[in-house]
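Peer 1: turn this into a structure:
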Amino acid sequence: MCSELRVGLLALALVACGGDSTGLDLGGGDGGGNDGPMADAGPDGGDAGDEDLPTMRDAGPDLPESCFEEGVFDHCRCEGLPTCMPGECGDAALCLPDLCGRMTCQGAGAGCLTDGDCGAGSTCTPSSLGFSVCQSASGCGDARDCPLGFACEAGACADRRRPCAGIDPCPAGFLCETEAPLGAFCRRAYRPCANDLVCPLQSECVDVTGEGNRVCRRSGGDCDSTLDCDENEVCGTDPRTERAVCGVSGPCESTEGCPEGAECLDLYGDGVGECALVGACRSAADCEAGELCGAPATGGPTVCT
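Peer 2: Modelled structure (predicted):
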């Protein structure tokens, strides 16, 4: 069960569409879904500064050869992948467009082991695909109740799948990762957690703030928690190197714990506060569709990008 939880999305993405409808409607932005380990446990996108996408080894042997050009994965080249119509993906998946315009079955809840891995009002529910997912009775409580790349805004799921590449790094608080067959877009660098098993591969469940609340965060770097940083810094993740660094941006519990001039904001609606210098936006809801709110990778106030 534990190993399946951390590597489940690739199988989910390739499963043939079928089964009963979830009854969730994402056409207008509401519904339930996934922004957790089932989504993130797939192939790693590598260092954000590296333009190479995952190889056949990284993406897994089950993908068709058409998905690769000279050994490099390109999700839009994939042929023969199962497509779907709304209502055909069963009780743990939704039929949604990928970044190539195809309709594919995608995760309908963040992978979980217990209710503690889910947000308030959401329960860890066994699915027909053999693993448990966070499910909310209506709308969403936070991004764990939304599909991968969707944020929870005013109780509804909004598409925030911002495409990215090594030469176009994500804002602070996000990592550019490639998921077969969904493509490369900015994934949230943090999510609340109770143990390592609900975190993406190469991530661990850490009390970054030193105040008892743990979040998934990419392993390795200059700090394990804000306690390792200077007085006017917090421990965050650099979207260019994917390593933990001390600076202005990083998880927080309150504005009092942030560097001078920064505020503790829930920029993505995932329940994780993040220190940020406030600029053009205070959350993704302030931005246009397909944009994220965050500090530029090189530092500075928040912008929609």
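
Peer 1: pLDDT weak spots in the stretch 101-250 of the chain?
Peer 2: Residue ranges of the stretch 101-250 of the chain with pLDDT under 70: 128-130, 166-167, 179-182.

Peer 1: how about the strands in it?
Peer 2: Along the stretch 101-250 of the chain, the segments classed as strands by DSSP state E, counting those that start in this stretch run 103-107, 122-126, 132-136, 150-153, 156-159, 174-179, 183-188, 191-192, 203-206, 215-218, 234-237, 244-247, 250-252.

Peer 1: deepest-packed of those strands, please.
Peer 2: strand 250-252 (a mean of 29; mean count of other C-beta atoms under 10 Å). Yep, even glycine has a C-beta here, placed from its N, CA and C like the rest.

Peer 1: on that earlier part again, of the strands of the stretch 101-250 of the chain, which is nearest residue 144?
Peer 2: For residue 144, the closest of the strands of the stretch 101-250 of the chain is strand 132-136, at 4.8 Å, according to C-beta to C-beta.

Peer 1: helices or strands next to the closest one in the packing?
Peer 2: strand 122-126 (3 or more C-beta pairs under 8 Å, 6 or more residues apart in numbering; DSSP states H and E).

Peer 1: report the contact partners of residue 162.
Peer 2: The contact partners of residue 162, by C-beta atoms under 8 Å, 6 or more residues apart in numbering, come to 170, 174, 185, 186, 290, 291, 292, 305.

Peer 1: between those residues, which is nearest residue 157?
Peer 2: Using C-beta to C-beta, those come closest to residue 157 at residue 290, 13.8 Å.

Peer 1: circling back to that earlier point, distance to residue 247 added to the contacts of residue 162, as TSV?
Peer 2: As requested, the contacts of residue 162 are arranged in TSV below (distance: C-beta to C-beta, whole Å):
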residue	distance to residue 247
170	15
174	15
185	24
186	19
290	27
291	23
292	18
305	18
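
Peer 1: hang on, the earlier thing: out of the strands of the stretch 101-250 of the chain, which is closest to residue 286?
Peer 2: For those, the distance to residue 286 is smallest for strand 150-153, at 9.7 Å, taking C-beta to C-beta.

Peer 1: quick one: contacts for the residue lying closest to residue 268 once chain neighbours are set aside?
Peer 2: Among residues not flanking residue 268 along the chain, residue 151 sits closest, at 5.2 Å (C-beta to C-beta, 6 or more residues apart in numbering). Listed by C-beta under 8 Å, 6+ apart, the contact set of residue 151 reads 35, 143, 157, 158, 160, 268, 269, 270, 284, 285.

Peer 1: repeat that for residue 66.
Peer 2: 77, 78, 79, 80.

Peer 1: equivalent analysis for residue 252, please.
Peer 2: With C-beta under 8 Å, 6+ apart, residue 252 has these contacts: 209, 234, 258, 264, 273, 274, 275.

Peer 1: all helices for the stretch 51-200 of the chain, in order.
Peer 2: All helices of the stretch 51-200 of the chain, identified by DSSP state H, counting those that start in this stretch, fall at 56-59.

Peer 1: hmm, residue 89 is touching residue 109, no?
Peer 2: No: counting by C-beta atoms under 8 Å, residue 89 sits too far from residue 109 to count as a contact (12.0 Å).
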